[in-house]
Structure formats: structure tokens, C-alpha cells
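Enquirer: When you get a sec, could you give me coordinates for this:
(one chain, ligands or ions: 1)
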Amino acid sequence: MKSDATYDYIVVGAGSAGAVVASRLSEGGQHRVLLLEAGTEGSNFFWSKVPVGVAKMIDDPAVNWCYSSEPDEGSGGRRIAVPRGRMLGGSSSINGMVYIRGQAQDYDHWAQLGNRGWSFQDVLPIFKRMERFEGGSDEFRGRDGILPVTHTPRNKVPLLEKMIEAAEKMGLPYNPDQNGATQEGIGMSQVTITRGRRQSTAFCYLDPARGRANLQIDQGAIAESLILEGRRCVGVRYSVNGEKREARAAREVIVSGGSINSPKLLELSGIGQSERLRALGIAPVHELPGVGENLRDHYSPRMKFEITGKNLTFNDNARGWRLAREAVKYALFREGFLASTSVPIRLYFRTRVGLDSPDATISIAPFLYEMVGKERRVSAQKGITMNVNVLRSESTGSVHIKSADPHEPPAIRFNFLSTEHDRIGIVNVLRKGRELMATSPLKEVTGREIAPGAHLQSDAELLEWVRNNAETTYHPVGTCKMGNDPRAVVDPELRVHGLAGLRVADASIMPTLTSGNTNAPTIMIGEKCAAMILATAATARAA
Ligand SMILES: Cc1cc2nc3c(=O)[nH]c(=O)nc-3n(C[C@H](O)[C@H](O)[C@H](O)COP(=O)(O)OP(=O)(O)OC[C@H]3O[C@@H](n4cnc5c(N)ncnc54)[C@H](O)[C@@H]3O)c2cc1C
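Expert: Below you'll find the predicted structure:
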């Protein structure tokens, strides 16, 4: 066993949150930081740089953990793919690059649950500080941050103008900034793309930090367990190419492995439900019943409609010789299909009267795609794909290890559609999708409803279709949730309850889902965690 030097902080996982934590902790130069990342690729991985590369990486084990869920009732007995980034930048390096904070109420709710310091008023300054955005009002948006956020141009795909007009007829106004005063309405997606290049946390936070003498980034380094001495975490056991190593942390270890791998690492270290761990031959060290519980995600069926008009969708220009033309456009100008998000437009809306804020969303890819082997390709048939989901779904599942072998994937149980709220909600969203396509001027260019299909009308039929076809939007959260109740894993400072020297900082600490995609909130969590750690260190120095 190789025993490395002692660091002040060890961060496990260089993802949306972990890259931020390591970058910020090493910024001032006074703390020695070790960042362990299981993946071997970085921000120069070709398909990670090119926005359209999402489709290439969705199932590529070189940069993706490629997990899948356990079959259950909510998924009609299917296994659902659970892609997770496995490279510097983590899932921010393979994701769809949509940038959405969620609603003020999401964070106020976290604060109401007892998480002091997490209300919208508390986190808004962090969101503003971290972003470099070109529009919106100064009250809500930041201009000088490390993370470039851009607007998808409005007029590039003619079909989108028809969508905006149809939505407005339905009473959903055009919203120029869905990260501004209100999320509600139809708007162009904001994205972490600049000049045709993905802005992952690897690119924005780690690349500029690489030259720091006090930051060591070890890639291909898989954390296998935490080193605990009594009630204190003092380091990490990990392996690189099968070689076992140990690193010691004089101050703290920060686990940022994401919602699937963070609870897994805690359990492998004896932290979790003692009975469950004992049954797998792991000696329980610290009973913490919430570890791996409270898994939440956005369950998302894809609706598909035929489009009859000419040159209205990407199906017209992203195949055959036209795709080659798009490639040239990308190479020369960093523009076009290859340089864009696949979901340029989105709607946030209320599915029923009496709600304070939107409870559902539809994001739209202006093309149909098909699976060719394990790859998603643009179809010859013209149409659109709608990704629809309830924003704050209430079904909860779990992530637990299946054995003491750190290299075995954990059991992921989503338990989707297990609450009435989620069942009613998803049916309402499907109906809203239909309503949009049946409204002028979209109606005039809309052909057949390919999925779910017009023959499915009753709630029961639609729900059955969802069970058998829905995917996720790749937003697992909550498995090391923050709070003060018996199922909470970390406190509002993200310290693991009952242990010293150990924090968790990633999407797993969210007690509930945010109203939208989860990358921006997770980067904020990384920023907030680093700020809290640095404040603690400064207080200790002053004392
Ligand atoms: C395909 C896809 C599309 C998505 N699209 C969007 C989108 O458009 N917009 C959006 O906002 N969100 C999107 N998301 C979700 C968003 O990217 C995630 O919520 C966010 O990146 C999670 O960040 P994290 O820090 O919790 O985990 P991750 O970013 O996944 O980082 C965890 C890191 O830890 C590493 N790691 C794990 N275990 C170990 C270990 N034992 N040892 C060493 N390293 C380890 C992993 O390799 C990884 O690099 C998408 C996600 C996916 C997968």
C-alpha cells in the first residue's frame, strides 16, 4: 500500500460540485488540496467539448458510469438507464448544458425544513457571483462570475416561433429570462455553452487552477472507503490501476461523488443502516439511517409528434450531406446544430389553478431521434420530441450497495409514480403537451402524435404508457439529504451528522428536487460548501 502525503482537504469526485470545491479551497494558496477523480478524461475529451457530443457520451463507459435502475412497478418492470459523468467535471462534462436555477420557493422550502442559510435570499448572491450571463436584470443575474451562461438564439429554428405563438395563445407568455423574477412561461433555454464549447466545471473551475502548487488532481483514482479514527474522518483509501493507496486529510474530507456514488462510498465505509451493512459483511461504524434513502428524480416520458412543414425541424438539416454542412459550419464558425443544445426551448406552467408557481415543465427538441445500436441519431422522419415532467415529484426511492466490493454498481430503486401527486401530475403534463400542439399556428404543421399516440386517452392508459416508456431527465438527488430530522445525513453546513472531518457536497444533499435541471443548483452547492469550509478555517486561524 502506497501512503501519500497529508493534505489539508481531500475532495472525492471532480464533478459539478467537487471541481468547484477543490478549485475554491486551493484558490488562496494556503491549503493543500487533493482531488480524487475516478475518470481518466478531462475537458479536452472531444465529445465533451462539442455540444452535440451529449448523444455520443450518454452510453460511453469511457466517460460515464452507465448505471441502470432495478426493475420496479413504476417502470413497468424495466431497467432505466442512469448515466453519470465519470471524468473531470463529472456530469457537467456530459450533460445537456441547460442552465436553470429553479424557483425561489425551492430554496425557501429547504430553509423551512430547518436548513438555515439555504433560503433563496441566502443562495441568490452565490448564483449571481458564480455566473457570467449576458442578459436579464441585475437584481437576479451575475455578470462577472467564472461560469459563462448564454441564451439560445431565438430565431434560428422557425418552428420555435410557432411554439412561442401557440404558447402565448394558451396564456403562457414569452419569458425572456426563466432564471429571473419568474420562471413561468415559454422561453429559450439558457445554456453553459460559449462559442460552441461546453462550459463544464472541469473547463471553468479546474483548468485555470491546474498550475497551483497546492492542488493535486489524481485521475483514475477510485475512492474505495473513508478512513475513520473514532468519530473522525482522517483520510481516504483509493486505488489507481488496481494499486491501493491512502491519503490523509489534516482538516476535512469532502465527498462529492454525486447522488449515486456518495451514499455508496459512505456505506462502503460503514456509515449508514447498520443492519444492511452487517448483512453485506461490512462492520458498521456509524448508524445513519438516511444514507441512500430519499432518492428523487424527474420521471420523464418523451412525447413525439410528426411535423409536416418543410425546413421546420433539425431533421431537415442534421442528416446526410446536410449534416456534413453543419460540421463545416461548426468547424469554421462554431455555430449550427453541432454547437447547440438539443432542447432550445422550454415551458414552465401550472397544471391546475390555485398553485403559487409552475409545477410542470416541457422542454422541446425540434427533431425526432432514433436509437442506432447504443447511439442516438437524428431520424429521417420530421418531428419534435417533448421531454415532459412534474417539477417537484414526491416519489422517493433509494440507492444502496449490493456488496462490499467497491467496484460493483449499487442498487438504484426509483419507485416512480408511487404518489398520487406524481401520477395526477404526469397525466396533466401530457395533456398540456397535446394542447400545445393543437394550438395555432403549431396545429397547422403538426401531423400524427407518434407517442403516446392519440388512441391513448384515459388517465389509466396514459399512466400505463408512462410506466412502460418513461426515462429520467438524469437528475437524481437527495440520497445524503441535508436537514436535522432522523433521516438527514448532513447538517446545513453539509457536515455528516455525528462525525467530524467529513462533509458531503453534491446533488445528493438536496432534501427535495429543485424545479428544473440540477447542474446550476449543484454548482451553487459546491460554491456554498467551499465558502463554509473557508470560513471555518479562517475562524480557526483567528482563534
Ligand atoms: C446525460 C445527462 C444530462 C443532463 N442534463 C442536464 C442539463 O442539461 N442541465 C442540468 O442542469 N443538469 C443536467 N444533468 C444533471 C446534472 O448534470 C447533475 O445533476 C450534476 O452534474 C450532478 O453533479 P454532482 O456533483 O452531484 O455529481 P457529478 O457531476 O456526477 O460528479 C461526481 C463525480 O465524482 C466522481 N466519482 C464518483 N465516485 C467516485 C469515487 N468513488 N472515487 C473517485 N471519484 C468518484 C465521478 O466520476 C464524477 O466525476 C444531466 C445529467 C446527465 C447525466
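Enquirer: Any chance of the backbone angles for the residue of the stretch 101-250 of the chain found nearest the ligand?
Expert: Closest residue of the stretch 101-250 of the chain to the ligand, CB to the nearest ligand atom: residue 223 (3.6 Å). Where you see a C-beta, it was placed from the backbone N, CA and C, and this is true even at glycine. When read as degrees, to the nearest 10, the backbone of residue 223 gives phi -70, psi 130.
Enquirer: so what's it scoring on pLDDT?
Expert: Residue 223 carries a pLDDT score of 98 in this model.
Enquirer: what do you get for residue 378?
Expert: Residue 378 is assigned 87 on the pLDDT scale.
Enquirer: What count of nearby residues applies to it?
Expert: Using other CB atoms under 10 Å, residue 378 is surrounded by 24 other residues.
Enquirer: Nearest residue to it in space, please, no chain neighbours.
Expert: What sits nearest to residue 378 in space, not counting adjacent residues and going by CB to CB, 6 or more residues apart in numbering, is residue 318, at 4.4 Å.
Enquirer: Can the helix or strand of the chain at the bottom of the mean pLDDT ranking be said to contact the ligand?
Expert: Scoring the helices and strands of the chain by mean pLDDT, DSSP states H and E places strand 375-378 at the bottom, with a mean of 80. No - if you take CB under 6 Å from any ligand atom as the test, strand 375-378 misses the ligand, and the best it gets is 10.9 Å.
Enquirer: Parallel or antiparallel, which strands does the next helix or strand after that strand pair with?
Expert: Next helix or strand after strand 375-378 toward the C-terminus (DSSP states H and E): strand 383-390. When pairing is defined by DSSP bridges, strand 383-390 lines up against strand 302-307 (antiparallel), strand 360-365 (antiparallel).
Enquirer: Now do the helix or strand following strand 383-390, average pLDDT.
Expert: Following strand 383-390 in sequence order, the next helix or strand is strand 398-400 (DSSP H and E). The average pLDDT within strand 398-400 is 98.
Enquirer: Pull out the buried residues from strand 398-400.
Expert: Buried residues in strand 398-400, counted by 16 or more other CB atoms under 10 Å: 398-400.
Enquirer: again, but for stretch 170-181
Expert: So stretch 170-181, judged by 16+ other CB under 10 Å, has buried residues 172, 175, 177-180.
Enquirer: How about stretch 214-226?
Expert: Buried-residue list, stretch 214-226, by 16+ other CB under 10 Å: 214-219, 221-226.
Enquirer: From those residues, pick the one nearest residue 96.
Expert: The shortest approach to residue 96 among the buried residues of stretch 214-226 belongs to residue 219, at 24.1 Å (CB to CB).
Enquirer: Who are the contact partners of that closest one?
Expert: 37, 39-40, 42, 88 (CB atoms under 8 Å, 6 or more residues apart in numbering).
Enquirer: what would the residues you listed look like in a markdown table with distance to the ligand?
Expert: Converted to a markdown table, the contacts of residue 219 look like this (distance: CB to the nearest ligand atom, whole Å):
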| residue | distance to the ligand |
| --- | --- |
| 37 | 5 |
| 39 | 5 |
| 40 | 10 |
| 42 | 11 |
| 88 | 7 |
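Enquirer: Out of the residues you listed, which end up buried?
Expert: Buried subset of these (neighbour count, 16+ other CB under 10 Å): 37, 39-40, 42, 88.
Enquirer: pLDDT of stretch 186-206, averaged?
Expert: On average, stretch 186-206 scores 97.
Enquirer: Run the chain-centre distance for it.
Expert: Relative to its parent chain, stretch 186-206 has a centroid offset of 13 Å by CA atoms, centre = their mean, to the nearest Å.
Enquirer: burial count for whichever residue of the stretch 351-500 of the chain sits closest to the ligand?
Expert: With CB to the nearest ligand atom, the shortest gap between the stretch 351-500 of the chain and the ligand falls at residue 474, namely 3.4 Å. With neighbours defined by other CB under 10 Å, the count for residue 474 comes to 21.
Enquirer: show me what contacts the residue lying closest to it once chain neighbours are set aside?
Expert: Spatially, and ignoring its direct neighbours in sequence, residue 474 is nearest to residue 83 (6.0 Å; CB to CB, 6+ apart). Residue 83 makes contact with 57-59, 64-67, 91, 94, 474, according to CB under 8 Å, 6+ apart.
Enquirer: Next step: those residues restricted to strands.
Expert: Residues of the contacts of residue 83 located in strands (DSSP state E): residue 67.
Enquirer: which among the contacts of residue 83 gets closest to residue 372?
Expert: Taking CB to CB as the measure, residue 372 sits nearest to residue 59 out of the contacts of residue 83, at 11.6 Å.
Enquirer: and the gap between the closest one and the ligand?
Expert: Per CB to the nearest ligand atom, to the nearest Å, residue 59 is found 10 Å from the ligand.
Enquirer: same deal with residue 78?
Expert: Applying CB to the nearest ligand atom, the value for residue 78 to the ligand is 18 Å.
Enquirer: Before I go, just wanted to say thanks for your time.
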